[in-house]
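> The sequence and its predicted three-dimensional model are supplied below.
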Amino acid sequence: MQQCYGSIIRRQRHFIRCLGGDRCNNSSSDTLLLLNDNTRMQSVMSRSNPAIEADALSILRSISPTLDSTKHKGQAGKIAVVGGCREYTGAPYFSAISALKIGADLSHVICTKDAAPVIKSYSPELIVHPLLEESYSVRDEDRQSVATVVLAEVDKWMERFDCLVIGPGLGRDPFLLDCVSDIMKHARRSNVPMVIDGDGLFLVTNRLDLVSGYPLAVLTPNVNEYKRLVQKVLNCEVNDQDGPEQLLSLASSIGGVTILRKGQSDNISDGKEVRSVSIFGSPRRCGGQGDILSGSVAVFLAWARKLVDKEGHTLNPTMLGCIAGSALMRKAASLAFEDKKRSTLTTDIIECLGRSLEDICPVG
Ligand SMILES: NC(=O)C1=CN([C@@H]2O[C@H](COP(=O)(O)OP(=O)(O)OC[C@H]3O[C@@H](n4cnc5c(N)ncnc54)[C@H](OP(=O)(O)O)[C@@H]3O)[C@@H](O)[C@H]2O)[C@@H](O)CC1
Ligand SMILES: Nc1ncnc2c1ncn2[C@@H]1O[C@H](COP(=O)(O)OP(=O)(O)OP(=O)(O)O)[C@@H](O)[C@H]1O
Ligand SMILES: [Mg+2]
């Protein structure tokens with residue numbers, strides 16, 4: 001066993017040298033070796049990552065509201081996920097149910113007419129609005145009137161939402177994306193925060209005006225989505241050697257939106273600061289974990305907006321929401337993996353959200 005650990009450490013040292021780690025005075029900042037209860041070695045290696053590690057657990061505790069009998073339904077958050085089409089019904093479900101499991105009072109899904117019965121059948125807890133339409137189901141001459149109806153229906157609810165999640169399982173149909181662009185413009189006019197993920201990022205990368213300069217917009221790109229954003233906005237390739245600086249510059253170039261760059265560590269920037277969340281997650285990369293994260297960030301962002309003045313945080317609420325959402329998602333993933341190992345699925349991680357939050361921030 002010792003021999004095996006020795007060889008892992010040698011391989012890691014070699015890898016760090018390849019990354020230029022020898023130039024760093026403090027090599028322990030490049031490699032963190034953790035021995036868990038089962039003396040299983042896990043290694044978390046950052047690319048020369050100078051982003052400051054956020055005090056994620058303290059932030060999570062400070063923005064989670066207390067539970068008491070004076071509160072009414074809705075005060076702990078009303079979230080709406082705009083996503084779900086003929087192809088994808090899992091992603092909006094994962095996002096919306098995660099919001100509820102973390103503690104939001106109401107969780108809506110605004111999806112296509114085809115997707116709605118399927119999503120409703122997954123859970124009676126979700127409020128599902130079959131409003132959106134894809135091109136194949138609308139005649140050309142009806143498009144304008146359909147778009148007007150969609151917007152009017154969503155507008156009835158808009159001011160009641162504490163946060164929108166735009167994009168999980170939305171698909172890329174051009175007519176549908178036009179309708180979602182209109183929804184985003186209205187949300188912005190009503191000062192409703194938006195977490196933009198998945199196909200919402202495909203939309204925004206081609207229509208930066210929808211979020212540019214909006215401080216309540218949060219973008220949560222994965223590797224591919226981040227690459228497309230960097231190419232479009234900064235007109236260059238992703239540079240991992242200067243990862244945090246490039247992230248800061250990207251967020252600032254889009255007018256101070258907050259970007260949560262998902263990966264081995266999650267890096268977060270609002271164009272002024274960069275923080276990272278590196279607490280150990282799971283080595284399982286099953287699809288849907290980003291969807292949990294989007295629902296989770298939406299809830300914490302809504303909570304942070306309500307509490308931020310009282311707690312005197314120096315970071316803005318979108319940063320706080322991202323840090324808390326990332327930390328909780330990673331902890332839940334690690335608990336689920338402890339139990340299910342290779343068979344860990346997104347639904348297993350969702351089942352661990354409540355226990356993870358309770359471990360970090362007990363109810364009373
Ligand atoms: N159950 C459901 O309904 C779910 C629905 N979802 C919904 O699907 C929609 C599209 O989202 P997406 O994530 O599939 O698109 P995108 O990011 O372009 O990835 C496509 C391909 O890129 C690659 N790739 C990915 N990561 C990489 C990495 N780190 N490093 C390297 N390569 C990487 C990988 O390609 P491969 O390895 O197969 O070549 C991957 O297959 C969106 O609406 C989303 O919400 C999902 O949420 C999942 C659960
Ligand atoms: N290599 C990794 N090690 C640990 N955690 C990771 C790693 N990559 C991603 N994660 C975590 O998994 C979560 C989802 O990130 P991921 O990159 O899988 O998103 P995604 O591709 O959008 O997922 P989805 O399948 O839902 O679309 C994030 O919270 C991130 O911290
Ligand atoms: Mg995704």
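Received the coordinates, thanks. Ligands and ions are numbered 1, 2, ... in the order given.
> tell me which element the residue of the chain found nearest ligand 3 falls in.
Across the chain, no residue is closer to ligand 3 than G290, which sits at 3.4 Å (Cβ to the ion). All C-beta atoms are positioned from the backbone trio N, CA, C, and that covers glycine. For G290, the host element (DSSP states H and E) is helix 289-311.
> Are that helix and ligand 2 in contact anywhere?
Yes: Helix 289-311 is in contact with ligand 2 by Cβ under 6 Å from any ligand atom, via 289-291, 293.
> For these, which entry has the maximal number of neighbours?
D291 (30 neighbours; other Cβ atoms under 10 Å).
> Surely that residue is in contact with S95?
Yes: counting by Cβ atoms under 8 Å, D291 sits close enough to S95 to count as a contact (4.5 Å).
> list the residues that contact both of these two?
Applying Cβ atoms under 8 Å, 6 or more residues apart in numbering, one finds that D291 and S95 are jointly contacted by 168, 197.
> What parts of the protein come near ligand 3?
198, 290 (Cβ under 5 Å from the ion).
> Below-threshold pLDDT in the chain: ranges please.
1-50, 308-313 (pLDDT under 70).
> so which of the residues of helix 289-311 next to ligand 2 are also by ligand 1?
Within the residues of helix 289-311 next to ligand 2, those near ligand 1 by Cβ under 6 Å from any ligand atom are 290-291.
> Just send the residues of helix 289-311 next to ligand 2 back as TSV, with distance to L328 too.
Below are the residues of helix 289-311 next to ligand 2 laid out as TSV (distance: Cβ to Cβ, whole Å):
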residue	distance to L328
Q289	12
G290	14
D291	14
L293	9
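> quick one: which of the residues of helix 289-311 next to ligand 2 is nearest V238?
G290 (17.6 Å; Cβ to Cβ).
> residues near the nearest residue to the closest one once chain neighbours are set aside, how many?
Spatially, and ignoring its direct neighbours in sequence, G290 is nearest to N222 (5.7 Å; Cβ to Cβ, 6 or more residues apart in numbering). As a burial measure, N222 scores 16 neighbours (other Cβ under 10 Å).
> N222 contacts K262, correct?
Yes: with contact defined as Cβ under 8 Å, N222 and K262 form a contacting pair (5.0 Å).
> Quick check: bridge partners of A80?
H108, L164 (DSSP bridges).
> what sits against it?
If you count contacts by Cβ under 8 Å, 6+ apart, then A80 has 107-110, 157, 161, 163-165 around it.
> What distance do you get for the residue nearest to G290 to L260?
Distance check for N222 against L260: by Cβ to Cβ, to the nearest Å, it reads 10 Å.
> Without its sequence neighbours, what residue ends up closest to P283?
F337 (6.9 Å).
> Assumed that neighbour was part of a helix.
Yes: the assignment for F337 is a helix, going by DSSP: H, G, I helix; E, B strand; the rest coil.
> And the residue most central in space within the chain, how far from ligand 1?
Closest residue to the average C-alpha location of the chain: S294 at 3.2 Å, with Cα atoms, centre = their mean. From S294 over to ligand 1 the distance is 8 Å, taken as Cβ to the nearest ligand atom, to the nearest Å.
> likewise A251?
Counting by Cβ to the nearest ligand atom - A251 and ligand 1 are separated by 20 Å.
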